[in-house]
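Undergrad: quick one: sequence and predicted model below, then my questions.
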Amino acid sequence: MRNAIELPKQFNFKAAVTDHGWYLLPPFQANDDRSVLKRVEALSTGKIVLLHITQNQNTLMIETGGKQTLTREESEEVVRKVNWMLRLDEDFRAFYQMCSADQNMQEIVAENKGRLLRSPSIFEDIVKTIFTTNTTWSRTIAMTTNFVNHLGERYSNESELFTFPAPEAVLKKDKTFLNKSIKLGYRSDYIYDLALNICNGVYDLEELTNPEMPTEDVVHKLKEIRGVGPYALSIILMLLGRYDFLPVDSEFKKHVKNKYFAGELPPKSQLQQLYKEWGEFKFLAYWFDK
DNA sequence: CGCCAGGAAGGTC
DNA sequence: GACCTTCATGGC
């Protein structure tokens, strides 16, 4: 089955997919030349589909694998989720205007960059962000792969592909399982508590996707999540389309130390002042400064 | 063995 | 606020 979405005039498929590392984490996968993005996704009806997403001129083609036929509602859900993942509705005009005025950011406008891939659900993005803290990228891939393969739903009988687990699937196991089998280490507590608070209705993550909500309110709610500190907060806000906060981590420090401070790291207060002229686009300014 | 990896929590002062 | 220690795990 096939769905088509008309793309914005300024759109770069490969950049949107690969300018952030999420496409390397299951259930996302890309082909060798990164012209196709795939993903197993569970729809709210319970049907599990394999999405095959690619660009054909000014149209985004979404094929759902196999012989499956989708109802109208299921098709609409697929389109809605792909729209969110690739940020097709996000308005980059103000950012591009600032880039146009900066000699070092001309490429961003010329190549229609700025969109960074995100997961269909904010739960998945928060979990994956916690998997990036205080560890290496290879461990992040390992944790995500274990998490998906042990707790996700299988695409089909012959398949080794799985969905990203719902919070309910996490609660079917205990923290020891998360620790020993999925090897989340001390993050087991964070992930279990997050899933528990979602299922209990303590957290309403969907409201965080509402663009009308003031950023300070989103920040306040995200800070309540154990495992989400300043770095993770910045990443999650970026994934929600809010670029006000810098992800000041070891990678950020390495970058600015070499590029702006001749190998000598300045005090923390000074780090937070970097890119401040970019206002609500500080994250993107840093991200594309690399 | 110790140190660190795209940190964060919980504690002290 | 600024600092300190501890937290699993794996790579080196």
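TA: Cool, got the structure. Residues are numbered from 1 along each chain as shown, chains lettered A, B, ... in the order given.
Undergrad: can you report how many residues lie near whatever residue of the stretch 151-290 of chain A ends up closest to DNA strand C?
TA: The minimum distance from the stretch 151-290 of chain A to DNA strand C, using C-beta to the nearest atom of the strand, falls at A:Gly185 (3.2 Å). Quick note: C-beta positions are derived from backbone N, CA and C, even for glycine. Number of residues near A:Gly185 (other C-beta atoms under 10 Å) recorded here: 13.
Undergrad: what parts of chain A come near DNA strand B?
TA: A:21, A:132-137, A:139, A:186, A:225-233, A:247, A:249-252 (C-beta under 7 Å from any atom of the strand).
Undergrad: redo that, cut-off 6 Å
TA: A:21, A:132-137, A:226-232, A:247, A:249-252 (C-beta under 6 Å from any atom of the strand).
Undergrad: still on that earlier bit, what sits against the residue of the stretch 151-290 of chain A closest to DNA strand C?
TA: A:Asn179 (C-beta atoms under 8 Å, 6 or more residues apart in numbering).
Undergrad: assign it to helix, strand or coil.
TA: Secondary structure state of A:Gly185, per DSSP: H, G, I helix; E, B strand; the rest coil, is coil.
Undergrad: can you tell me the closest non-neighbouring residue to A:Lys9?
TA: Leaving aside its sequence neighbours, A:Lys9 sits nearest to A:Asn58 (C-beta to C-beta, 6 or more residues apart in numbering; 7.8 Å).
Undergrad: sorry, back to before: just the buried members of the residues of chain A next to DNA strand B?
TA: Buried members of the residues of chain A next to DNA strand B, counted by 16 or more other C-beta atoms under 10 Å: A:132-133, A:227-228, A:231-232, A:247, A:249, A:252.
Undergrad: helix or strand for the closest residue to A:Ala232 other than its chain neighbours, which one?
TA: Take A:Ala232 and drop its neighbours on the chain: the residue closest to it by C-beta to C-beta, 6+ apart is A:Thr129, 4.9 Å away. Using DSSP states H and E, A:Thr129 falls within helix A:122-130.
Undergrad: who does the next helix or strand after that helix touch, helix- and strand-wise?
TA: Sequence order places helix A:137-151 as the next helix or strand after helix A:122-130, per DSSP H and E. Where contact means 3 or more C-beta pairs under 8 Å, 6 or more residues apart in numbering; DSSP states H and E, helix A:137-151 is packed against helix A:122-130.
Undergrad: a strand runs through A:Thr54, doesn't it?
TA: Yes: using three-state DSSP, the assignment for A:Thr54 is a strand.
Undergrad: right, and it touches A:Val82 too?
TA: No: using C-beta atoms under 8 Å, A:Thr54 is not in contact with A:Val82, being 11.2 Å away.
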